[in-house]
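Engineer: Sequence first, then the predicted structure, then my questions.
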Amino acid sequence: MVADPTTDPLLAVRDLRTHYSVRGSFIDRLRGREAGAVAAVDGVSFDLRRGEVLGVVGESGSGKTTLGRTLLGLVPATGGSVHLRGREITGLPERELRPLRRRLQIVFQDPHASLNPAMTIGAAIADPLRFHGIAADAGDRKRRVAAALERVGLAPASQFADKYPTDLSGGQKQRAVLARAIVLGPEVLVADEPVSMLDMSVRAKILELMIALKEELDLTYLYITHDLATAKFFCDRIAIMYLGRIVEIGPASQIYDDPKHPYTASLLRAIPEPDPTRSVPRDLPRGEVPDAVSPPLGCRFHPRCPRAFEVCGWESRDLRTLLETRWTRMAEEEYERERELVGELDSLDEPAVEASLPAGPGHTDEEALGVLEAMRAEAPDDPFWKGVAELQPDGSGARVRFHEPLVPRDLEVDGARVECHLHDPEALAAARAAAASDGPAVVAEPT
Amino acid sequence: MSEPGGSPPSEPGEPVTSGPGEPAEGGPGEPLLAVRGLRVWYGTGGDPVRAVDGVSFEIGAGETVGLVGESGCGKSTLGRGVLGLLPDNATAAGEVRYRGRDLVGLSRRELRDLRGPEIGLIFQEPMTRLDPLHTIADHFRETLRIHEPELGDEETRKRSLETLARMGIPPTRFRQYPHEFSGGMRQRIMIALALVLRPSLLIADEPTTALDVIVEAQILQILADLRENFDTGLLLITHNLGIVAEACDRVAVMYAGQIVEEGEARRVFSEPAHPYTRALLRSTISLRTTGLHYIAGAPPNLIDPPPACRFHPRCPDAMAVCRERDPIEVSLAADQRVSCWLHGPEDEIPPQGAEPLERTEIAIAEEA
């Protein structure tokens, strides 16, 4: 396939997957549990267009860093494809990847860790030139190093080339790292949190430098960050990642002014503004990003989503979380009394759309059910209850059947792409049908 | 196991009891914490690092004070200096009056007895403070055993569970190990370990810096509830002005070892009096940022800081006097104080002292 450099994306990423296998603990193996896999990147697709700045924004555990490393071949993709100017680059042997790395460079978060403390700045920047056999001779190499140093503002170069990383401030080190990244004349720079370890007073300077480099050197950026504020200023388009998926991607202006995914909206609302007259709302998503070894069923964000409904993926583990959260709000005696009514919760840890909350020793299934009824009576509007299709005593405990989960589809909404049932007419229809089927089988509110 | 939370403040919701042999509390109207002219210098040779160099501020019961400034301005040293948690090569002088009692010069043992039950400490990296070989229950048992040995097993368990529940950690997870918790949960556990001793003052050094924005907001809400429900005083050390705006009643701005401006947070944010405060606010990138601004240059080394006003080499408004004379602290309206010649006192400014200072171009070589 011949790529047309004028219209084809520089990088075309399709259904990219990076799964790490994890060995279970000794106990897990004794119990015969399978070793799991962390789906750090789990089906990601996007185009990186020539000359744009694409922000990849997510919390820790979202897979954003793994995504950047996979694009560079620093970790192997386990599925999907990455085309650089039309050429497939996943699965290439190191020998063939090496020349491509000239065109694709990465800058990491921690400038201190990115520079060898035993190497002068000049030597560090000359290193890739030597490695790729680019400079004609030592003199040429020195000239290229000096040019790179001066381009990143470490001028005069003679004053910096012989210094060691410890002689430089954090901002200067990040400049040196940028010099090393541009010395090979790359097309794409993957910048993974390049300013988040720097002081506020320095961040603006480094961002400004990156903007200047982009213009002067005709670069394309993939800007990986947890910080929506710098991304807003810096990026043309934004991709929001959550647990290995891009849940929303679109033009920056649209993402910030009219976020379609409840997760994006929550992230935006959680940022404290340097303005004491405004405050962060208290109704933020509960909990934290769950374990990627076994992500939530349905929509991965549903356990934390304030707008989740019937078909979003409610399941056994959500029941456990809700119970435990309830218990943190109880006085001790009350908790002890209620805790006795139900048995061990471990059976709820296996994701399932039918769960049984066992009755405690010496207690009846009706008593276990009573705990759930009390829980519902206390917070009937919790989105969890929309997901419950049926609640019944089953002889040994309370059986909870949830509505069948739907996995969100990749939808086009007003020029953005979003994976959320709120924007999917079919999911909304399924939810209405599910809600209508909640018949008399559902236990009525306790009187 | 070392003391997990570091320091303990006093009892939420209950009157604070003085430790054995402690003098009576300070007189009426005395703030919870009053720091006067505190200096903390590192190194005993001829060229000490003056990390904290003459700092004064107060924290009242139930009050949250934010301490901001760039890295290397002495914020963390100040927090540790208040607690007497300083390395051997550091020297502290001045006054740190906690409930009327001066902590400077107390023995290590006396300070250790105060940290925990009176003054609590929360650090940035919870994982490095929790012992991976001990359960959460063990951590609480050890902390309470050291500081409140008279407490029985049942009472210990009860107090621990209560405090954890308030932080949103369910009782079902009491016997788990630190690695079984997420980063945000671990920070909640650390806060609970500090609070279980019911301190009346809490010092939190970048408590949310390693956390994601949603979890950060959750932790800030917990800290806000603490202030409202238990009247705990809080010194919140952060580089994030958004957090100060969100969580603090007052803010102290630190530059090169000194507090250059202090006042009610709303006031300081809306009418910053010191050019450094203004520059910090302008350089903050927020969702409403439309242009990039930064502060020229970098904070000075604290062995040999610039003479007179330490900010003058980076200050856009510097005058001749700023290089010649130490600024004098001036009180402005609404309890705001600033050390900057722009605010006078005018009769202390020599003739021609108000002439703009010819600033030497600050090369990137000296910048961060």
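Structural biologist: It's in.

Engineer: my guess is residue B:173 meets residue B:135, correct?
Structural biologist: No - taking contacts as C-beta atoms under 8 Å, residue B:173 lies outside contact range of residue B:135: 9.5 Å. Every residue, glycine included, has its C-beta placed from N, CA and C.

Engineer: Spell out which residues of the stretch 1-150 of chain B are next to chain A.
Structural biologist: B:70-71 (C-beta under 8 Å from any C-beta of the partner chain).

Engineer: Point out where the stretch 1-150 of chain B drops to low pLDDT.
Structural biologist: For the stretch 1-150 of chain B, residues meeting the criterion pLDDT under 70 lie at B:1-29, B:44, B:126-127.

Engineer: how many neighbours does residue B:157 have?
Structural biologist: A count of nearby residues for residue B:157, using other C-beta atoms under 10 Å in any protein chain shown, gives 18.

Engineer: tell me the contacts of the closest residue to chain A within the stretch 51-200 of chain B?
Structural biologist: Among the residues of the stretch 51-200 of chain B, residue B:170 lies closest to chain A, at 3.7 Å counting by C-beta to the nearest C-beta. Neighbour list for residue B:170: A:324-325, A:327-328, B:164 [criterion: C-beta atoms under 8 Å, 6 or more residues apart in numbering or on different chains].

Engineer: Now residue B:118: phi and psi?
Structural biologist: The phi and psi values for residue B:118, taken as degrees, to the nearest 10, are phi -110, psi -50.

Engineer: All the strands of chain B, residue numbers only.
Structural biologist: Ranges of strands within chain B are B:33-42, B:49-59, B:64-68, B:90-98, B:101-102, B:119-122, B:201-205, B:233-237, B:250-255, B:258-264, B:329-331, B:337-339, based on DSSP state E.

Engineer: taking the ones you listed together, which one is wrapped up most tightly?
Structural biologist: Of those, the one with the most neighbours on average (mean count of other C-beta atoms under 10 Å in any protein chain shown) is strand B:119-122, at a mean of 29.

Engineer: Need the phi and psi values for residue 354.
Structural biologist: In the absence of a named chain, this looks at chain A. phi -130, psi 130.

Engineer: my bad, chain B
Structural biologist: phi -90, psi 0.

Engineer: That one - how many residues pack around it?
Structural biologist: Other residues near residue B:354 number 14, with proximity taken as other C-beta under 10 Å.

Engineer: Does it touch residue B:317 like I think?
Structural biologist: No - judged on C-beta under 8 Å, residue B:354 makes no contact with residue B:317 at a distance of 10.6 Å.

Engineer: if I look at these two, which residues touch both of them?
Structural biologist: Counting by C-beta under 8 Å, 6+ apart, nothing touches both residue B:354 and residue B:317.

Engineer: any idea how far residue A:406 lies from chain B?
Structural biologist: Using C-beta to the nearest C-beta, to the nearest Å, we find residue A:406 at a distance of 25 Å from chain B.

Engineer: Next, the nearest residue to that residue once chain neighbours are set aside: phi, psi?
Structural biologist: In space, and not counting its chain neighbours, residue A:406 is closest to residue A:311: 4.5 Å by C-beta to C-beta, 6 or more residues apart in numbering or on different chains. With angles defined as degrees, to the nearest 10, residue A:311 sits at phi -100, psi 10.

Engineer: Equivalent analysis for residue A:397, please.
Structural biologist: Torsion angles, degrees, to the nearest 10, at residue A:397: phi 180, psi -160.

Engineer: give me every residue that touches it.
Structural biologist: A:342-343, A:356-359, A:365, A:368-369.

Engineer: Can you get me a residue count around residue 232?
Structural biologist: No chain specified, so I'll use chain A. Residues near residue A:232, counting by other C-beta under 10 Å: 23.

Engineer: um, chain B though
Structural biologist: 28.

Engineer: Tell me how far the closest residue to it other than its chain neighbours lies from residue B:155.
Structural biologist: Using C-beta to C-beta, 6+ apart and skipping residues adjacent in sequence, the residue nearest residue B:232 is residue B:226, 5.0 Å away. Counting by C-beta to C-beta, to the nearest Å, the gap from residue B:226 to residue B:155 is 22 Å.

Engineer: Which secondary structure state does residue A:374 sit in?
Structural biologist: Classification of residue A:374 by DSSP: H, G, I helix; E, B strand; the rest coil places it in helix.

Engineer: can you map out the helices along the stretch 201-350 of chain B?
Structural biologist: Secondary structure of the stretch 201-350 of chain B, counting by DSSP state H, counting those that start in this stretch: helices at B:213-230, B:241-247, B:265-270, B:275-283, B:320-324.

Engineer: Whichever residue of the stretch 301-447 of chain A sits closest to chain B: what's its closest spatial neighbour, skipping adjacent residues?
Structural biologist: Closest residue of the stretch 301-447 of chain A to chain B, C-beta to the nearest C-beta: residue A:324 (3.7 Å). In space, and not counting its chain neighbours, residue A:324 is closest to residue B:170: 3.7 Å by C-beta to C-beta, 6+ apart.

Engineer: Residue B:98 now?
Structural biologist: residue B:33 (5.5 Å).

Engineer: what bridges to the one you found?
Structural biologist: residue B:59, residue B:98 (DSSP bridges).

Engineer: Kindly report the same for the one 5 residues further on.
Structural biologist: Bridge pairing for residue B:38 (DSSP bridges) gives the partners residue B:55.

Engineer: Just to check, it is in contact with residue B:94?
Structural biologist: Yes - under the criterion of C-beta under 8 Å, residue B:38 makes contact with residue B:94 at 3.9 Å.

Engineer: The strands of chain B: which one's closest to residue A:337?
Structural biologist: Nearest to residue A:337 among the strands of chain B is strand B:119-122 (32.2 Å), distances taken as C-beta to C-beta.

Engineer: So which residues make contact with that closest one?
Structural biologist: B:5-9, B:79, B:82-83, B:85, B:98, B:115, B:187, B:190-191, B:194-195, B:197, B:199-205, B:207.

Engineer: Name the residues of stretch A:102-122 that come out as buried.
Structural biologist: Neighbour-count burial for stretch A:102-122, counted by 16 or more other C-beta atoms under 10 Å in any protein chain shown, picks out A:102, A:104-111, A:114-115, A:120-122.

Engineer: Over it, what's the mean pLDDT, rounded is fine.
Structural biologist: Throughout stretch A:102-122, pLDDT has a mean value of 90.

Engineer: Kindly present the contacts of residue A:397 as CSV, with separate columns for pLDDT.
Structural biologist: Putting these into CSV (pLDDT from 0 to 100) gives the following:
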residue, pLDDT
A:342, 95
A:343, 93
A:356, 94
A:357, 95
A:358, 95
A:359, 95
A:365, 94
A:368, 95
A:369, 96
